[in-house]
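>>> With the input below, show me the fold.
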Amino acid sequence: MNKNFKQVVFSGVQPTGSLHLGNYLGAMKNFVELQKKMECIYCIVDLHAITVFQNPKELKKNILETTAEFIACGLDFKKSIIFNQSSVSGHAELAWIFNCISRIGWMNRMTQFKEKAGSNKENASVGLYVYPSLMAADILLYKATHVPVGDDQKQHLELVRNIAQKFNNDFKSSNFFPIPEPLIQKKLSRVMSLRDGKKKMSKSEESDYSRINLQDSEDEIRKKIKKAKTDSSPIPGTIEELKDRPEALNLLSIYSFVINSTIEKTLNTMKGREFSKFKNDLSDALVATICPIGKKIKNLKNDQSYLLKILHEGTERANSIAEKNLDKVKEIMGFVLH
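Numbers count the residues shown, from 1 in each chain. Down below sits the predicted model:
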């Protein structure tokens, strides 16, 4: 479908506080691998963050912290474009154009608005309601052909595809925007809470014991894994036996992914062991992986000028692509260019 387009990956991360193990295993690790194969654009989506109120000082701190986390996890700002969304005005401009192309019925079907707004929909920001248009603009501004998504984000990408197709059809520009394809990480796309194996690991969960943060110390990691919810049964030999044991499945999946193995191999090795002993192995694996990243993050956070330089360079590279594509959109639509 996109054979006439250069392969480009786009993904965005909100600057809403420290990244956690779920972000690392579910996204960052994959981002690092993708930059070895394709042209990648990784954006700190600060315009998405302000759909709910952000303290200005905290927002600035979080943008720089997320930049540090990107680099510490292995993203290479010379290979990939790394920048913050608000520094490229084309995102907001194209989002307005897409607001005029999108249909209200499409927005009404977005389940994430209902989840985030909850029962207080009347008081939610208009930005939260139409943010899928901004997400479409983020991706299509760079004519990205591939988007890494988790299972819970497929609906949004389908909307992006609908917007791209409608623009191409409405303006008889059948090949202007690519129809982006999902890159779904099959091995492990969702890391669940350490307190509830049916809920996704999240920064918004009240208890810090529900997640491993990338800046946690060795002691904090070991304490959290020790307290992580499991059940009284030993480790089974097959995945089928884990069907009704979400917490056990979550910990075994995390361990397998961290040591670059498969859950089948882990079950084969660990069969019959008690979780109290397995948790020591899991803690060792997490400490070996997460603590070096945490140390790098702390060092990078102390060098604000270096982080600003990375964002400045990324913004210049992103703008050079965005301006050219946005001018072409305006020309197609009949705007007068000066």
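>>> How about K279: what's its closest non-neighbour residue?
Distances taken as C-beta to C-beta, 6 or more residues apart in numbering place I225 nearest to K279, at 5.1 Å, with adjacent residues excluded. Placement of C-beta: from N, CA and C, glycine included.
>>> what is the mean pLDDT for the helix or strand where that neighbour lies?
Assigned by DSSP states H and E, I225 belongs to helix 218-227. The average pLDDT for helix 218-227 rounds to 98.
>>> Tell me which other helices or strands the helix or strand that it is followed by touches.
Next in sequence after helix 218-227, counting helices and strands by DSSP H and E, comes helix 246-258. When contacts are defined as 3 or more C-beta pairs under 8 Å, 6 or more residues apart in numbering; DSSP states H and E, helix 246-258 sits against helix 263-270, helix 275-301.
>>> And the first one, what does it pack against?
Contact here means 3+ C-beta pairs under 8 Å, 6+ apart; on that basis helix 263-270 packs against helix 246-258.
>>> Could you tell me the angle between the helix it packs on and helix 263-270?
100 degrees (axes from the mean of the first three to the mean of the last three C-alpha atoms, to 10 degrees).
>>> Contacts for helix 246-258, please.
21, 25, 187-188, 191-194, 196-198, 225, 228-231, 233, 235, 239, 242, 262-263, 265-267, 270, 275, 278-279, 281-282, 285-286, 289 (C-beta atoms under 8 Å, 6 or more residues apart in numbering).
>>> just the buried members of those?
21, 25, 188, 191-194, 196-197, 225, 228-230, 235, 242, 263, 266-267, 270, 275, 278-279, 281-282, 285-286, 289 (16 or more other C-beta atoms under 10 Å).
>>> Okay, now the unreliable bits of the stretch 151-300 of the chain?
For the stretch 151-300 of the chain, the stretches with pLDDT under 70 are 151-152, 186-189.
>>> Let me know whether the residue nearest to K279 touches A285 as I believe.
No: in this structure, I225 is not within contact of A285 by C-beta atoms under 8 Å, at 9.8 Å.
>>> coming back round to it: and the helix holding I225, how far from the chain's centre?
On the basis of C-alpha atoms, centre = their mean, to the nearest Å, helix 218-227 sits 25 Å off its chain's mean C-alpha point.
>>> now stretch 233-240
Using C-alpha atoms, centre = their mean, the offset of stretch 233-240 from its chain centre is 31 Å.
>>> domain assignment for this protein?
8-190+303-333, 208-298 (automatic domain parsing).
>>> Quick one: distance of the first one to the chain centre.
Centroid separation for domain 8-190+303-333 versus its chain: 9 Å, with C-alpha atoms, centre = their mean.
>>> okay, how far is it across that domain, tip to tip?
24 Å (C-alpha to C-alpha, to the nearest Å).
>>> and H48, what is it in contact with?
Taking C-beta under 8 Å, 6+ apart, one finds G12, Q14, Q85, Y131, L134, M135 in contact with H48.
>>> Retrieve the pLDDT associated with it.
94.
>>> Same check on S119?
Reading off the model, S119 has pLDDT 67.
>>> The longest helix seen in the chain vs helix 275-301, what angle?
Longest helix of the chain, by residue count under DSSP state H: helix 304-333. With the same axes, to 10 degrees applied, the angle from helix 304-333 to helix 275-301 works out at 90 degrees.
>>> start at 349 instead
Understood, numbering begins at 349; the last thing we discussed is helix 652-681.
>>> just checking, what packs against helix 652-681?
strand 387-392, helix 404-421, strand 429-432, helix 438-449, helix 623-649.
>>> in the last one, what counts as buried?
The reference is to helix 623-649. 623, 626-627, 629-635, 637-639, 641-642, 644-645, 648-649.
>>> Between helix 404-421 and the longest helix of the chain, find me the angle.
100 degrees.
>>> Now helix 652-681: buried residues?
Quick answer for helix 652-681 (16+ other C-beta under 10 Å): 655, 658-659, 662-663, 665-667, 669-670, 673-674, 677.
>>> Just want the angle from that helix to helix 438-449.
40 degrees.
>>> pLDDT of helix 652-681, averaged?
Rounded mean pLDDT across helix 652-681 is 98.
>>> Kindly calculate the angle that that helix makes with strand 387-392.
110 degrees.
>>> ok, how many other residues are close to A512?
21 (other C-beta atoms under 10 Å).
>>> excluding its backbone neighbours, what's nearest it?
F525 (4.0 Å).
>>> Neighbours of that neighbour, how many?
25.
>>> OK, contacts around the closest residue to K571 other than its chain neighbours?
Spatial nearest neighbour of K571, chain neighbours left out: Y557 (7.9 Å); criterion: C-beta to C-beta, 6+ apart. Neighbouring residues of Y557 by C-beta under 8 Å, 6+ apart: L542, R543, K571, K572, K575, A576.
>>> Of the residues you listed, which is the nearest to V356?
Nearest to V356 among the contacts of Y557 is L542, at 35.6 Å by C-beta to C-beta.
>>> Looks to me like the closest one is in a strand.
No: per DSSP: H, G, I helix; E, B strand; the rest coil, L542 lies outside any strand segment and is coil.
>>> That one is in contact with I569, isn't it?
No: using C-beta under 8 Å, L542 is not in contact with I569, being 10.8 Å away.
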